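1. Kindly generate the corresponding structure for this input.
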Amino acid sequence: MSGHTLPAVYESFEELFGRKTSIDELIAEISKYERSSMLWICAEIVCRVQLWARPGARNRANYSRYLQELFEPSVGRRLVTGQNSVRPFRFVFHRRQIDLVAKLALQHCGNGLDAREHRNELGVLFLMANDHLDHGLLRNVPVDADARERTIRLVTEMLAVQEGSSPAISNLFTRGHLMLTRYARELATAHDFVDVVGEFERKVGLNLADFEAMVFAVHARFGAQMSNTVVANPELLPLKREDFAQTALSPEKVEAFLKFVSISPEDLKNEILQSDTGSNDATPFRKYPMVQHLDPRIEEAKEAHLMIDNLTFIERAQTGPYWVANEDHSENLRTFWGAVFERYVNDLLSRACTATASRFFADPRQHGRPDVQICDGIIATENAVVLMEYKASMFRADSKYLGDRHRLLREIEKKWVRNEKGSKKGVEQLAAAVRLLFDGKNPQSIFPEIDWAKIERVHLCLVTLDTLGETIGMSALLNTYLTEGLDSTNYPQGFICPLHCVDIASLERVTAYFDAVSLPELLSRRLQLTTDLSASLSMVNLATPRLNPWIESEWEAIGRQIVPIVFPGADMDQFFAGLRENYERVVRELAAN
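-> Numbers count the residues shown, from 1 in each chain. From the prediction side, this is the model:
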């Protein structure tokens, strides 16, 4: 098991009390309380426990306090026992649950009890919420269900779990910045070019540097230090305009920023009523991760802002500009963003393979036929290759969160197998690459840059921008399509390996180790770990977590541009030394756990 990834499961009312609650029971429990106070409790748990972080790096002391504050003693003691387990971690609180409770509070709470003054009654509703985050697709699976039916059930259940996992913030932020700037600019002459940053700046009234600086600063504000500070001084929890007073930002820019990331409870309620697609749908908080707060206990209270989901907030650094541009350029943006993503992945892999035993070939073409692309990229070692395709496709919320496996499967087929026009996508593109190279042909004549006589194994890898690609069961599902497109009897046994589907976050993590272990070897280890590929790539044992040095250097370069905007006069060297020290601390805590 990688130090990056440790399993976690969540306590539920059903597990503790032997029956599953109804959604009506949950709504009745939540609606006892005044709306702003329930949203406060949700934001407080997010901050104090640090729910956006990996389980091993969360604030365990504050979590323990909640087990005492929110639950009756007998239940609290039972939950403490679960808390002390490691494999798996057992938790009551997590992001999907908080998002669900917040959504229901927005829709159903009125002028009820102040939740902050009834803390010892609140624990049960969070346990109840955990009863309503699965679709029941893994129960009573028909015995005659085929592999595709079994795996799409698994994927439908697990996709929201994968989305709820914690990314490496530096990787996430750096990828978004580079795609919006460097790689988009490199394609400025493309026929489908979309000026994403320009559209954002024009519509929102913020330049990208100021926006990224505020996202970075606000995310940091709700970090580890604040998680302890608000225990002693709860009134510091909401973000206020005066928190920006020491920055180099004008009041107008602060106002534009808050308008973009925060919304009134009533307006957010309307967003939910218009578009919500189920308990696991965090789309409202992807658009508005903060909610405006006026404390009903204080006359003439000043507007403040509660952080409901710190992870969707940090994702806004990239997704915010993208979705603004999408409003007027949806058709061009989809194809353009795919080209931008391809540039980013190629640069990531090229740099990771430099000075290693691996060679990377971007956009490989058939020898003598420059019009024929073999695939998006190839990584080759002395005796193995990886044929790669990249997909930046994003999936509809109703496909993901309704629990309708048939709807989800249709969209997966359209975007990663073959679209409605019959064009090959992802899986079929990789199958076509295999046929081009090996079906009755000498691969040496197709792509002479590799000594194919020495190649013993061919791996296939689909890299996705959407986290859906790393969902447990996805690789197994896509392999049901691969076997339809490739006749395994045409190749030596074990020569063509199963297809691996990985998301970009997992690929970024493992590139940090390419100096010691190649991608073909990592994929082989994944196959050994679980032959059905149910384990994610990040679960392959890579010992001590570390960062990709190129991403780390780019992250620091970005920081040196944006940090002075929000922390004027900061010592940059000292600032980034502190970040590295914090990362090393987290690594030590993960290792200790």
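2. for the residue nearest to residue 372 when sequence neighbours are not counted, phi and psi?
-> Nearest residue to residue 372, sequence neighbours excluded (Cβ to Cβ, 6 or more residues apart in numbering): residue 366, at 4.1 Å. (Each C-beta comes from the backbone N, C-alpha and C, glycine too.) The phi/psi pair for residue 366 (degrees, to the nearest 10) reads phi -70, psi 140.
3. residue contacts, residue 366?
-> 372-374, 436, 446-447 (Cβ atoms under 8 Å, 6 or more residues apart in numbering).
4. all strands for the stretch 1-150 of the chain, in order.
-> 8-10, 89-91 (DSSP state E, counting those that start in this stretch).
5. ok, back up a step: could I get the contacts of residue 366 in TSV, plus columns for distance to residue 93?
-> Converted to TSV, those look like this (distance: Cβ to Cβ, whole Å):
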residue	distance to residue 93
372	53
373	47
374	48
436	50
446	54
447	51
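6. can you pick the most crowded of these?
-> The residue in the contacts of residue 366 with the most neighbours, by other Cβ atoms under 10 Å, is residue 374 (23 neighbours).
7. Just give the closest residue to that one, not the sequence neighbours.
-> Here the residue nearest residue 374, using Cβ to Cβ, 6+ apart, is residue 364, at 4.6 Å.
8. From residue 437, how far off is the one you found?
-> In this view, residue 364 and residue 437 are 10 Å apart by Cβ to Cβ, to the nearest Å.
9. what is in contact with these two at once?
-> Common neighbours of residue 364 and residue 437, using Cβ under 8 Å, 6+ apart, are 374, 447.
10. averaged over its residues, what pLDDT does stretch 160-178 have?
-> The predicted model gives stretch 160-178 an average pLDDT of 88.
11. actually stretch 311-323, not the one I typed
-> The average pLDDT within stretch 311-323 is 92.
12. same deal with stretch 84-93?
-> Averaging pLDDT along stretch 84-93 gives 74.
13. Just the terminal-to-terminal distance for that stretch.
-> Using Cα to Cα, to the nearest Å, one end of stretch 84-93 lies 15 Å from the other.
14. isn't the residue nearest to residue 374 right up against residue 372?
-> No: contact criterion Cβ atoms under 8 Å: residue 364 and residue 372 do not qualify, at 9.8 Å.
15. beta partners of the residue nearest to residue 372?
-> residue 369 (DSSP bridges).
16. ditto for residue 459
-> Counting by DSSP bridges, residue 459 is bridged to residue 386.
17. what's around it, how many residues?
-> 24.
18. tally of neighbours for residue 474?
-> 30.
19. Grab the nearest non-local neighbour of it.
-> Of all residues not flanking residue 474 in the chain, residue 501 sits nearest, at 4.8 Å (Cβ to Cβ, 6+ apart).
20. Which parts of this protein are strands?
-> Taking DSSP state E as the test, the strands found in the chain are 8-10, 89-91, 262-263, 290-293, 304-307, 359-362, 365-366, 369-373, 377-380, 384-391, 457-464, 496-503.
21. Using CSV, lay out those strands together with distance to residue 60.
-> Shown next, in CSV, are the strands of the chain (distance: least, Cβ to Cβ, whole Å):
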stretch, distance to residue 60
strand 8-10, 13
strand 89-91, 10
strand 262-263, 29
strand 290-293, 26
strand 304-307, 20
strand 359-362, 41
strand 365-366, 53
strand 369-373, 50
strand 377-380, 39
strand 384-391, 38
strand 457-464, 33
strand 496-503, 28
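22. I'd like to know which of these is closest to residue 46.
-> Distance to residue 46, taken as Cβ to Cβ, is lowest for strand 304-307 among these, at 6.2 Å.
23. Please compute how far that closest one lies from its chain's middle.
-> 22 Å (Cα atoms, centre = their mean, to the nearest Å).
24. what residues does it touch?
-> Residues outside strand 304-307 that contact it (Cβ under 8 Å, 6+ apart): 39-40, 42-43, 46-47, 218, 222, 237-240, 258, 261-262, 289-295, 313.
25. The residue nearest to residue 474: what's it in contact with?
-> 416, 461-462, 464, 469-470, 474-475, 478.
26. Then residue 459?
-> When contacts are taken as Cβ under 8 Å, 6+ apart, residue 459 is in contact with 384-387, 497, 500, 519-520, 523-524.
27. Which single one of those residues is nearest to residue 91?
-> Closest to residue 91, out of all of the contacts of residue 459 and judged by Cβ to Cβ, is residue 500, at 29.3 Å.
28. The closest one - nearest residue in space that isn't next to it in sequence?
-> residue 461 (4.8 Å).
29. Run through the helices of the stretch 1-150 of the chain in chain order.
-> 13-17, 23-30, 35-49, 60-69, 73-83, 95-108, 123-129, 147-163 (DSSP state H, counting those that start in this stretch).
30. thinking again about what came up before, for the residue nearest to residue 474, give its distance to residue 155.
-> For residue 501, the distance to residue 155 - Cβ to Cβ - is 10 Å.
31. longest single helix anywhere in the protein?
-> helix 310-353 (DSSP state H).
32. chain center to that helix: distance?
-> On the basis of Cα atoms, centre = their mean, helix 310-353 sits 13 Å off its chain's mean C-alpha point.
33. Likewise for stretch 471-479?
-> Chain-centre distance of stretch 471-479: 17 Å, with Cα atoms, centre = their mean.
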